[in-house]
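K.L.:
have a look at this prediction, sequence included:
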Amino acid sequence: MTNTVLAEGRRRRAAAPSLLSRFKSWEASGILIALVAFTILLSIAAPNFLSSYNLTVVARAAAFVGLVALGQTLVLLLGGIDLSVGTSAGLSAIIGSLLLTAVGVHPYLVLPLAAGFGMCLGLVNGFLIAYLRLNPFIVTLATGEIFAGLTLVITEGYPIRPLGAQFRVFGQGELLGLPVPVWFFLVASAILIWMLRHTKFGRNIFAIGGNRDAATLVGIRIRRVELLVYGLAGMFAALAGMLYASRMDAGQPSVGEGWMLQAITAAIIGGTSLRGGQGTIVGTVLGALLLAMLANGTVLLNVSGFWQRVIVGLVVLVAILVDLARRHRS
């Protein structure tokens with residue numbers, strides 16, 4: 001009996017370092033530690049941070065940027081980048097708002113239609129990158145400007161409002177105590193986690209990002225995967241844009257401003273590598289949550305709003321340095 005107990009103790013002690021090493025090697029371990037530490041610090045500095053109302057505000061803000069970041073994560077895993085996600089979110093929100101107000105489309109149909117429009121915008125990026133072999137940075141920078149210009153041409157700088165009570169439920173409503181946009185974010189995250197782990201398409205994304213030449217040799221249809229990934233990025237951006245328009249009850253020409261940088265930051269600090277082939281959706285979710293907490297914390301601590309962009313920029317630099325250190329370590 002004593003020998004059995006001793007053997008069990010040795011087994012547990014041997015398993016402990018293994019679990020610790022697995023946690024250290026997990027791409028999102030750093031962001032999880034940072035999130036816990038930041039939560040503790042904010043709860044001490046601002047006692048109302050952990051109030052149910054404030055946590056709801058943080059979760060809703062994280063959902064908007066987080067949806068964009070999910071699509072950006074797929075692109076980064078592929079070894080690409082999409083600088084147009086913010087403006088594609090804005091243009092899709094304007095098109096969806098026009099479908100509601102000018103065309104009279106049913107509110108429950110507008111969301112999928114706008115998401116489909118955003119996917120078409122992403123497919124344009126994907127076609128130019130995958131089939132015409134153009135640089136992703138240049139292509140998405142150019143199309144981002146085109147989308148932003150079209151938004152201003154259509155709206156002439158004026159918001160489209162109101163969008164109606166039936167549509168407001170998507171941005172302002174709650175389900176089981178959580179805002180509806182948070183449910184969209186969580187469901188989308190769960191689907192992508194499953195997709196990346198258990199489908200051939202998901203495995204192909206990692207394979208292409210990890211070693212493009214090897215992926216070609218084993219017969220992966222790289223162009224098709226790239227096309228679909230950029231299409232998904234556009235779709236998630238459009239979904240975020242429409243949910244935000246629902247929240248504001250208006251299609252604002254400024255929807256999506258700043259989302260591109262925040263989406264990339266959320267993905268990188270969540271463990272997604274800029275070189276591709278490495279990252280997790282869970283890490284991106286935590287990254288989006290951390291950025292939302294940063295923005296919320298500056299408000300609660302009465303920090304000037306002008307400093308928020310400085311803080312986000314610093315976070316971006318830290319994220320890049322972390323990614324650089326991760327490359328050297330691997």
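P.N.:
Ah, there it is. Only a predicted model underlies this, so the values are computations on that prediction, with no experimental measurement involved. Numbering: from 1, shown residues only.
K.L.:
and the residue nearest the centre of the protein?
P.N.:
residue 69 (1.4 Å; C-alpha atoms, centre = their mean).
K.L.:
that one contacts residue 289, doesn't it?
P.N.:
No: between residue 69 and residue 289 there is no contact under C-beta atoms under 8 Å: 10.4 Å. (Glycine included, C-beta is placed from N, CA and C.)
K.L.:
would you map the strands across the chain?
P.N.:
174-175, 178-179 (DSSP state E).
K.L.:
I'd like the average pLDDT over the first one.
P.N.:
For strand 174-175, the mean pLDDT works out to 86.
K.L.:
go on, the last one?
P.N.:
What strand 178-179 shows for mean pLDDT is 90.
K.L.:
got the contact list for that strand?
P.N.:
56, 59, 60, 63, 172, 173 (C-beta atoms under 8 Å, 6 or more residues apart in numbering).
K.L.:
cutoff 6 Å now
P.N.:
For strand 178-179, the external contacting residues (C-beta atoms under 6 Å, 6 or more residues apart in numbering) are residue 60.
K.L.:
tell me how far it is from the chain's mean position?
P.N.:
Distance of strand 178-179 from its chain centroid, counting by C-alpha atoms, centre = their mean, to the nearest Å, is 18 Å.
K.L.:
stretch 249-269 too?
P.N.:
Centre to centre, stretch against its chain (C-alpha atoms, centre = their mean), the figure for stretch 249-269 is 9 Å.
K.L.:
now the end-to-end length of it.
P.N.:
32 Å (C-alpha to C-alpha, to the nearest Å).
K.L.:
tell me the buried residues in that stretch?
P.N.:
Neighbour-count burial for stretch 249-269 flags 249-253, 255-256, 259-269 (criterion: 16 or more other C-beta atoms under 10 Å).
K.L.:
before we move on, what about stretch 151-165?
P.N.:
Those would be 151, 154, 155, 159, 160, 163, for stretch 151-165 by 16+ other C-beta under 10 Å.
K.L.:
reformat these as a markdown table; add pLDDT and distance to residue 99.
P.N.:
Below are the buried residues of stretch 151-165 laid out as a markdown table (pLDDT from 0 to 100; distance: C-beta to C-beta, whole Å):
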| residue | pLDDT | distance to residue 99 |
| --- | --- | --- |
| 151 | 93 | 15 |
| 154 | 92 | 12 |
| 155 | 89 | 14 |
| 159 | 87 | 15 |
| 160 | 88 | 10 |
| 163 | 85 | 10 |
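K.L.:
closest one of these to residue 113?
P.N.:
residue 163 (13.8 Å; C-beta to C-beta).
K.L.:
ok, now which ones touch that closest one?
P.N.:
100, 249.
K.L.:
ok, 7 Å please
P.N.:
97, 100, 101, 245, 246, 249, 250 (C-beta atoms under 7 Å, 6 or more residues apart in numbering).
K.L.:
what separation is there between the first one and residue 307?
P.N.:
By that I understand residue 97. Distance, residue 97 to residue 307, by C-beta to C-beta, to the nearest Å: 32 Å.
K.L.:
neighbour-wise, which of the two wins?
P.N.:
residue 97 (29 against 11; other C-beta atoms under 10 Å).
K.L.:
check what pLDDT that one gets.
P.N.:
92.
K.L.:
kindly report the same for residue 117.
P.N.:
95.
K.L.:
go on, residue 189?
P.N.:
For residue 189, pLDDT reads 95.
K.L.:
ok, it to residue 136 distance?
P.N.:
24 Å.
K.L.:
coming back round to it: of all the contacts of residue 163, which comes closest to residue 42?
P.N.:
Of these, the one sitting nearest to residue 42 (C-beta to C-beta) turns out to be residue 246, at 28.2 Å.
K.L.:
ok, the closest one to residue 164 distance?
P.N.:
Distance from residue 246 to residue 164, by C-beta to C-beta: 10 Å.
K.L.:
next: residue 251.
P.N.:
For residue 251 relative to residue 164 (C-beta to C-beta), the value is 12 Å.
K.L.:
please enumerate the helices of the stretch 51-200 of the chain.
P.N.:
52-77, 85-98, 107-130, 136-155, 165-172, 180-198, 200-210 (DSSP state H, counting those that start in this stretch).
K.L.:
which residues sit against the shortest one?
P.N.:
Think helix 165-172. 100, 107, 110, 111, 180, 181, 243, 244, 246, 247, 249.
K.L.:
what's around the closest residue to the fifth one other than its chain neighbours, how many residues?
P.N.:
Nearest in space to residue 180, with sequence neighbours left out and distances taken as C-beta to C-beta, 6 or more residues apart in numbering, is residue 173 at 4.7 Å. The burial metric for residue 173, expressed as a neighbour count using other C-beta under 10 Å, is 13.
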